[in-house]
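Engineer: turn this into a structure:
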Amino acid sequence: PHPFYIFGGSIGSRLFSEIDCFDAIELCHFHFGLFNPNRRAKRVAARFGKSMIATSDAHRLHAFGGHYTSMPMPPALTLESVFAGLRSGPLRLTSPACSFTDFVSAIYFVFLTHPFRVRRKLAEA
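Structural biologist: Next up, the predicted model:
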């Protein structure tokens, strides 16, 4: 999970009581300048010996493919070997800060567009 994303939908401090359920901690794709919820996530990952991973977290199509984790290909490509590689590394994370336009667009989506969609769907139900 990206546990400390402040706009909701994250596990938050519940991560501490359920830390053994996770192989890695996800970087939040939404960071810009001083706003970076990943700082705390990195400290928690280091404290508990968890890897950090970057993912596109593509709730919106334009965000797909910009954030990802690279690792050496295991000798045998199996689910177990991929998870072992994610747990032990080495990993290369690509997670660029969002642009100012993306930052404003995401704020607009989170606080205006998405809540209105939810209300409309609830009213239609």
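Engineer: so where's this protein uncertain?
Structural biologist: Within the chain, the ranges that satisfy pLDDT under 70 run 1-2, 5-9, 57-60.
Engineer: centroid residue for the protein?
Structural biologist: C28 (3.6 Å; C-alpha atoms, centre = their mean).
Engineer: hang on, isn't that residue packed against R40?
Structural biologist: No: contact between C28 and R40 fails when scored by C-beta atoms under 8 Å: they sit 10.0 Å apart. The C-beta positions use only the backbone N, C-alpha and C, and glycine is treated the same way.
Engineer: picking up where we left off before, which secondary structure element contains the residue nearest to the centre of the chain?
Structural biologist: Per DSSP states H and E, C28 falls between elements, in no helix or strand.
Engineer: now it: how far from L112?
Structural biologist: In this view, C28 and L112 are 21 Å apart by C-beta to C-beta, to the nearest Å.
Engineer: equivalent analysis for A106, please.
Structural biologist: On the measure of C-beta to C-beta, A106 and L112 end up 11 Å apart.
Engineer: these two - which one has more neighbours?
Structural biologist: With neighbours defined as other C-beta atoms under 10 Å, A106 and L112 compare such that A106 has more, 18 against 10.
Engineer: could I get the phi/psi values of S81?
Structural biologist: As for S81, its main-chain torsions (degrees, to the nearest 10) stand at phi -70, psi -30.
Engineer: dump the residue contacts of it.
Structural biologist: The neighbourhood of S81, defined by C-beta atoms under 8 Å, 6 or more residues apart in numbering, consists of 74-75.
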